[in-house]
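Trainee: Below: sequence and its predicted model.
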Amino acid sequence: MTLLVALLASTFFLSNALKLEYTKKIQNTPDIIITDTKAMRETLIDENLVSDLLSINGVSLALPRVYGAYYFSKADTIFKVIGVDEFETYPDKSLNALLLKNTLDENSMLVSKSVAKILKENYYDSYFNFVNADGTLKKVIIDKTFESKNSFREEYLIVMPKCTAKEIFSYPSSMVTDIAVMVANGEEIGFIAKKIETLLPNAKVNIKEDLLVEYENRINFKSGFFLTIFIISFFTYFVIIYDKISGLSSEEKREVGILKAIGWRVSDILNAKLYEGLIISLSAYVIGIIIAFIYVYILGAPLLKSIFLNAISLLDDCELLFRVDYETLALLFFLSVPLYIAATIIPSWSVATHEADEVMR
Amino acid sequence: MLINPEILTLYILNILFFIFMSLAFVMSFKIVLRWDSSATTELQYTLEKRSYLSATIIKYIFYIKIPLFLFFIFTLDKISFVLPGAMCGAGVVNASEYATPLLFLKVINLYLFAYWITLDSEDMKRESQPYLKQKFSLFLVFYLLFIIEIALETTMFLNIDIKSVVDCCGAIFSNNDDTYLSLVLSMPHSLLLSLFYGNFILMYLASRFSQVTLFAFLNLTFIFISLISLVSFFGTYIYELPTHHCPFCLLQQDYNYVGYLLYGVLFIGTFRGLVIGFIELRKNERENSYRISLFFNSLFLVIVSSYTLLYFIKNGVWL
Amino acid sequence: MIELQSVRKEYKGGIVALDGVDLKLLEGELVVLRGVSGSGKSSILSLIAGLSKPTTGEVIVDKKRISKLADHFSTLYRRENIGFIFQKYNLIPTLSVQENILLPLVPQNLPKKELESRLQRELINFNIESKRDVMVRNLSGGEQQRCAIARANINNPKIILADEPTANLDEKLSLEFIKLIKEMKSQSRTIVIATHDPLFFDLACVDRVITVKNGKLL
């Protein structure tokens, strides 16, 4: 019983923590992201559209972005490449901070520690030869190494000037990966997105909120999955408890008989049994929660976390922050205590209404 | 269709309750048909034993129903964030045609269950068990109501459309529309308040003169008058906004969950008052009931009045 | 006053324990039911205690028809009026002396002080105060018996019923038991003892000896 509660509680705590995490992270992402589509697949978009976008009332920023993933076959690793421009400010604060400290020349880049390490292992100390999308080589000098502070998104990160990135990915000159749009008034995001859709009928417009909802749903799905497992195991458990209590030992029969003989009514015996059930289930509840708490927040929820993170491709790894969530606690309560007591009602009654006569024989 | 862990939990418990209630129903049916307190047959003894089980089941379900009801309201509140336009439970209620009758039914069922338990407790105090057949016959009726409640609840959750836009409570409870609600809300405050306080004074007098039926009746009217005055007048002082008439927002954290306290206190007070009218209690228990009822009802009165007075004291004006 | 009117008691399987028994016991009487095992004397005790109900006939105690009471109420009656001393004591071995003695009082939700004073009274009365916290299974036969009697007495019952109380005791302890019974009689309680121990048949304090044979009174 305790284990069941612990498992369920862990699931809930974990999903809550994860939700909190990505909500935080997502603060840094742009409000709207626009890409073009060809045959319903996302493709590059023309950066000249930026001026059209800026003319929409309420748009505070329209940023053409160049970024992508580069596969380094020798080390079997994927690097995330972000193209930047000297004069642009980015919604991502840590990126801004990084650029403030360093200026980039054309054909040079900043790499994160993890990238530097891999490159070094492959004998690339001060520069690296990218294999461009069209097959040619591009030599880029490693300007500096930086420490990625955020727990996600900056692993295997390379920051380089946009034109360099475009070369590596063989982008046509005026095309960019997508355009990030920031809206001054958060409430208007949906409205402006609609405007953009009218303006650029072929474009795919992604709103930040949708992302949130999607992740929430994915996490809910996973927790729903666990919930189902829980239900099944509980019903099994129900049957086991029922069976156990129903199998009256002769010892227990005798005890009940004695109690009745000395003046305990059926209701007294029933009450005692139900209180007993209540105490057992309540303590299982409390202990289960404590175990889950330790497992998720102190131990970091190994195994379970990776199952959940599989659903969310965004997060590579993250810290689980503590959060007391009354709703979850209430939920767990209703899923454990009433069910346990229900399982004990009929067996307890059957015990309590046993004939006391046998005591005499 | 809407599924989240909270709703699933409600479904699970509803299924559980349904199974047990139906069991109790079958047993109660047999008891009503065959009970004969003077009989010394095997059947009678079996019925006796079964009556304990039924009573236990009903009590168990009731005691869980109370926190579950709060959890239900809370779930409604939570869903409101997913429905476009809704900002509190009121929006959810508006989204589904089943929600309002469901709420009414839930509250009525709470009263009925509480009544049954009191009846049972009285019945077990006397050797003649005067209420035995009555209580189980009543249960047969309550069972039906309970089934309807579960059906409504299930249908409601299955049919909530997360894409349709709903009104928020500001729109639902405004004075401007052409609904019964707005008629009620536009009642002049002086009339409303005199009804409210007047009802309470009459209740007090009725208890002094031991007018049992009158007291119970006044408690019944007190339920309605309190709710109306809460929504129409006192609520605005809690929200400090003259146009905010929502009964659900009180339950949110922003207002210190005072709604739970108010509704809880009102329930206890009026229930104790009503029960006197339906069950004959012994003298000291009756006195006790008067006291408890008056205490909780006055607690309600004091809390709502103090919000109003405090507002006036702080701001120097009425809303 | 205890009355059995035309009582017949049949058990499952057709065993007739009592057949047309008429019995009247006065308040304050010490009555001995004499008979061998299976004669029906235990059944009479059971009926008086409200532990079982007659197949036909009635049991009336102090003008109350206890045979007609629902289980809920007959148990209440038993708690308030009867102190039962069983042949095998029927103490709960995993509980201590004081827990066993207090057991009948548990459902009554009495204040702690009351419980304590009653407990003390019984412990002293029956000379087991020193064994207060000892688990019953660690007591000697005599101590167990005294504990059983204390438990029977804790509610100050008007009627004391004892079923073969000396069956497992040696003579010394039997005599001690008789002494205790005499004391109880002096408190003007009605006492009914079912036994085939001849020690009881000639006692001065015994008001009546009734012989039970094959379910009938002789």
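Mentor: On my side now, so go ahead. Small disclaimer: the values here were computed from a predicted structure and weren't measured. Numbers count the residues shown, from 1 in each chain, chains lettered A, B, ... in the order given.

Trainee: And what about C:Q5, helix, strand or coil?
Mentor: Judged by DSSP: H, G, I helix; E, B strand; the rest coil, the three-state class of C:Q5 is strand.

Trainee: In contact with it, which residues are there?
Mentor: Neighbouring residues of C:Q5 by C-beta atoms under 8 Å, 6 or more residues apart in numbering or on different chains: C:D22, C:G57, C:E58, C:V59, C:I60. Every residue, glycine included, has its C-beta placed from N, CA and C.

Trainee: Buried ones only from the residues you listed, please, as a ChimeraX command.
Mentor: For the buried members of these, the matching ChimeraX selection, counting by 16 or more other C-beta atoms under 10 Å in any protein chain shown, is:
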select /C:57,58,59,60
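
Trainee: What residue in chain B comes nearest to chain C?
Mentor: Closest residue of chain B to chain C, C-beta to the nearest C-beta: B:E127 (4.8 Å).

Trainee: Once you drop chain neighbours, what's closest to that residue?
Mentor: In this structure, B:E127 finds its nearest non-sequential neighbour in C:F73, 4.8 Å apart by C-beta to C-beta, 6 or more residues apart in numbering or on different chains.

Trainee: how about the residues of chain B that lie near chain C?
Mentor: Counting by C-beta under 8 Å from any C-beta of the partner chain, chain B comes close to chain C at B:S37, B:S38, B:T40, B:Y45, B:E48, B:K49, B:Y52, B:M124, B:E127, B:Q129.

Trainee: filter those residues to the buried ones?
Mentor: Of the residues of chain B next to chain C, these count as buried by 16+ other C-beta under 10 Å: B:Y45, B:E48, B:K49, B:Y52, B:M124, B:E127, B:Q129.

Trainee: Over to the last one: give its phi and psi.
Mentor: Think B:Q129. For B:Q129, the backbone dihedrals (degrees, to the nearest 10) come out as phi 40, psi 60.

Trainee: Hmm, C:D71 and it touching each other?
Mentor: No. B:Q129 is beyond contact range of C:D71, at 11.4 Å (criterion: C-beta atoms under 8 Å).

Trainee: Got phi/psi on the residue in chain A positioned nearest to chain C?
Mentor: Taking C-beta to the nearest C-beta, chain C has its nearest neighbour within chain A at A:G263, 2.7 Å off. Main-chain torsions, A:G263, degrees, to the nearest 10: phi 110, psi 20.

Trainee: and the contacts of C:Q5, which of them are in strands?
Mentor: Counting by DSSP state E, the contacts of C:Q5 place C:D22, C:G57, C:E58, C:V59, C:I60 in strands.

Trainee: Can you tell me which of those is nearest chain A?
Mentor: C:V59 (14.8 Å).

Trainee: Which residues lie in contact with that closest one in this structure?
Mentor: C:V59 makes contact with C:I2, C:E3, C:L4, C:Q5, C:V7, C:L47, C:I48, C:G50, C:R65, C:I66, C:S67 under the criterion C-beta under 8 Å, 6+ apart.

Trainee: Mind giving me the ChimeraX command for buried ones among these?
Mentor: In ChimeraX syntax, the buried subset of the contacts of C:V59 is picked out as below (16+ other C-beta under 10 Å):
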select /C:2,3,4,5,7,47,48,50,66,67
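
Trainee: nearest to chain A, of the contacts of C:V59?
Mentor: Using C-beta to the nearest C-beta, C:G50 comes nearest to chain A of the contacts of C:V59, at 9.9 Å.

Trainee: The closest one in helix, strand or coil?
Mentor: When classified by three-state DSSP, C:G50 comes out as coil.

Trainee: Can you tell me how far the closest residue to it other than its chain neighbours is from C:V206?
Mentor: Nearest residue to C:G50, sequence neighbours excluded (C-beta to C-beta, 6+ apart): C:S74, at 3.8 Å. As judged by C-beta to C-beta, to the nearest Å, C:S74 and C:V206 stand 28 Å apart.

Trainee: And for B:S80?
Mentor: With C-beta to C-beta as the criterion, B:S80 and C:V206 are 81 Å apart.

Trainee: Out of these two, name the residue with the larger neighbour count.
Mentor: Of the pair B:S80 and C:V206, B:S80 is the one with more neighbours under other C-beta atoms under 10 Å in any protein chain shown, namely 24 against 19.

Trainee: Isn't the more buried one up against B:N94?
Mentor: No. Taking contacts as C-beta under 8 Å, B:S80 lies outside contact range of B:N94: 10.0 Å.

Trainee: picking that back up, what's the local residue count around the residue nearest to B:E127?
Mentor: Per other C-beta under 10 Å, the neighbour tally for C:F73 reads 20.

Trainee: How about the contacts made by C:V36?
Mentor: Listed by C-beta under 8 Å, 6+ apart, the contact set of C:V36 reads C:H196, C:K213.

Trainee: please redo it, this time with the cut-off set to 10 Å
Mentor: Residues in contact with C:V36 (C-beta atoms under 10 Å, 6 or more residues apart in numbering or on different chains) are C:H196, C:V212, C:K213, C:N214.

Trainee: interface residues of chain C facing chain B?
Mentor: Chain C comes close to chain B at residues C:12, C:53-58, C:64-65, C:67-74, C:76-77, as judged by C-beta under 10 Å from any C-beta of the partner chain.

Trainee: so how far is B:S38 from B:T46?
Mentor: On the measure of C-beta to C-beta, B:T46 and B:S38 end up 16 Å apart.

Trainee: ignore the last one, C:R151
Mentor: Remark: distance between C:R151 and B:S38 (C-beta to C-beta) = 34 Å.

Trainee: could you say which helix or strand contains the residue in chain C that chain B sits nearest to?
Mentor: Closest to chain B within chain C is C:F73: 4.8 Å, counting by C-beta to the nearest C-beta. Taking DSSP states H and E as the criterion, C:F73 maps to helix C:71-81.
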